[in-house]
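> Predicted model and sequence below, questions to follow.
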Amino acid sequence: MQEEVPISYVLMLVTGTAGPPTLADAAQRLGVDPADCDPEFGVVAINPDRQLYSVRVDAKKLPEGEGGENGPFSDPPIVPMGPT
């Protein structure tokens, strides 16, 4: 039996037009299949005044050379530091 490799997500920026894009719209703009985006993360507003939103995408599914000002940005786990 083959062991399942966990998905390595990166954060990508997408620009909305008249509000936040749907996950399918964001995937289309990034050149990936909607199934390559994390539906639990969804579309998160980064700067709604500038129509900037973020989605999590499987890093292995991004088109070659994707990056620049739209990402990819690392997506490290956020955990408390020190005693809580």
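All right, it came through fine. If you're wondering where the values come from, they're calculated on a predicted model, not measured in any experiment.
> Check the gap between the spatially most central residue of the chain and residue 18 for me.
With distances taken as Cα atoms, centre = their mean, residue 56 lies nearest the centre of the chain, 2.2 Å away. Between residue 56 and residue 18 the distance is 23 Å, computed by Cβ to Cβ, to the nearest Å. For glycine as for every other residue, the C-beta is placed from the backbone atoms N, C-alpha and C.
> what do you get for residue 82?
43 Å.
> do residue 29 as well
14 Å.
> more neighbours, the two?
Between residue 29 and residue 18, counting by other Cβ atoms under 10 Å, residue 29 is the more crowded of the two (16 against 6).
> Not counting residues beside it along the chain, what's closest to the more buried one?
In space, and not counting its chain neighbours, residue 29 is closest to residue 14: 5.2 Å by Cβ to Cβ, 6 or more residues apart in numbering.
> Then residue 52?
Closest residue in space to residue 52, ignoring its immediate chain neighbours: residue 46 at 4.4 Å, by Cβ to Cβ, 6+ apart.
> Much appreciated, bye for now.
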